[in-house]
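Student: what follows is a predicted protein model with its sequence.
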2 protein chains.
Amino acid sequence: MKIESHPLPDLTQAASAFAALGSEQRLSVLRTLVRAGPEGLRIGELGTRTGVTGSTLTHHMKILAAAGLVTQTRQGRSIICAAVAFDQVQSLSAFLLTECCADSVTPDKA
Amino acid sequence: MKIESHPLPDLTQAASAFAALGSEQRLSVLRTLVRAGPEGLRIGELGTRTGVTGSTLTHHMKILAAAGLVTQTRQGRSIICAAVAFDQVQSLSAFLLTECCADSVTPDKA
DNA sequence: CCTTCATTTCGAACTTTGTCGAAATAATGC
DNA sequence: GCATTATTTCGACAAAGTTCGAAATGAAGG
């Protein structure tokens, strides 16, 4: 598993990606999508599974998509949503671990 | 470096930790703190370095502390702030990577 | 081209978050 | 105990995010 293949986000990008994850509903949507696997889910089905539907779900999906955590593609009458979270999360972890923490891991055992 | 030593946060905890990171100002505060190392920084000095001072900084520090990302301890007249980000970020990464992604890493090379 | 189904856009109400200054609390030294 | 320095609490306001329903758009089939 290569970790260095993704560029580190800058402060602004990282903050908005974290903000996108910082909502219980969106995190639930993302989890449902990631569990659904690469094939993704119709947005209607996604709404049914998460209990978030209609314009509210559209709104949250836009935020997740803007953060690069999910994709939406039309297929016939439906919009298929799929997660891209894995790589993104690697980048976000890397952001904090390298950009921030560098050499200052707190030395005492938690 | 052991990764399995921290319990996975639940959806609610994870969302609020991500929300705490989801602000450019707070991320900047956290970065400054983590770079300052385990000794930490007076909150005044932290304000000077980040450009966020007074009640606003107090407010953001409370959010970071509630998320378990920083600690504050009084020392004389000053409050010393220090980051605990490393372990927490491990947990947050682990949350998404195990709780969410499980067996569904997107198979194509980005 | 009209209907139907799936989703999005728009606008309005509402809730939450961010920011500021002034007053309050806490610790120190005289 | 009073003055000084460091930080927090409080109240107010502005800005941003959330939620909803109704109308608009897009795709497919008859």
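Tutor: The structure has been received and is ready for your questions.
Student: show me the strands in chain A, by range?
Tutor: A:41-42, A:70-75, A:78-83 (DSSP state E).
Student: so is the first one next to DNA strand C?
Tutor: Yes. Using Cβ under 7 Å from any atom of the strand, strand A:41-42 comes into contact with DNA strand C via A:Arg42. (Glycine included, C-beta is placed from N, CA and C.)
Student: quickly run through the sheet partners of that strand, with directions.
Tutor: Strands that pair with strand A:41-42, judged by DSSP bridges, come out as strand A:78-83 (antiparallel).
Student: now the partner strand: buried residues?
Tutor: For strand A:78-83, a neighbour-count test (16 or more other Cβ atoms under 10 Å in any protein chain shown) marks A:79-83 as buried.
Student: centre of the chain versus it, how much separation?
Tutor: Centre-to-centre, strand A:78-83 and its host chain are 14 Å apart (Cα atoms, centre = their mean, to the nearest Å).
Student: do that strand and DNA strand D meet at all?
Tutor: No. Interface with DNA strand D: strand A:78-83 contributes nothing (Cβ under 7 Å from any atom of the strand), its closest point being 8.7 Å away.
Student: dump that strand to CSV, restricted to CA.
Tutor: Output in CSV follows, covering the C-alpha atoms of strand A:78-83 (Å, rounded to 0.1, in the frame of the first residue of the first chain):
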residue,chain,number,x,y,z
SER,A,78,-30.5,7.7,-11.6
ILE,A,79,-27.5,9.3,-10.1
ILE,A,80,-24.9,6.8,-8.9
CYS,A,81,-22.9,7.8,-5.9
ALA,A,82,-19.7,6.2,-4.9
ALA,A,83,-17.1,6.8,-2.3
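Student: what does stretch A:60-71 contact?
Tutor: Residues outside stretch A:60-71 that contact it (Cβ atoms under 8 Å, 6 or more residues apart in numbering or on different chains): A:16-17, A:19-21, A:23, A:25-26, A:29-30, A:33, A:40, A:43, A:52, A:72, A:81-85, A:88.
Student: let's see that with 7 Å instead.
Tutor: Stretch A:60-71 is touched from outside by A:16-17, A:20, A:25-26, A:29-30, A:33, A:43, A:52, A:72, A:81-85, A:88, with contacts defined as Cβ atoms under 7 Å, 6 or more residues apart in numbering or on different chains.
Student: mind putting the strands of chain A into TSV with mean pLDDT?
Tutor: As requested, the strands of chain A are exported to TSV (pLDDT from 0 to 100):
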stretch	mean pLDDT
strand A:41-42	95
strand A:70-75	93
strand A:78-83	91
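Student: switch those strands over to a markdown table; also include distance to A:Asp10.
Tutor: A markdown table is the format used below for the strands of chain A (distance: least, Cβ to Cβ, whole Å):
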| stretch | distance to A:Asp10 |
| --- | --- |
| strand A:41-42 | 31 |
| strand A:70-75 | 21 |
| strand A:78-83 | 23 |
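Student: nearest to A:Thr12, of these?
Tutor: Closest of the strands of chain A to A:Thr12 is strand A:70-75, at 19.8 Å (criterion: Cβ to Cβ).
Student: hmm, that closest one in reach of DNA strand D?
Tutor: Yes. Part of strand A:70-75 sits near DNA strand D under the criterion Cβ under 7 Å from any atom of the strand, namely A:Arg74.
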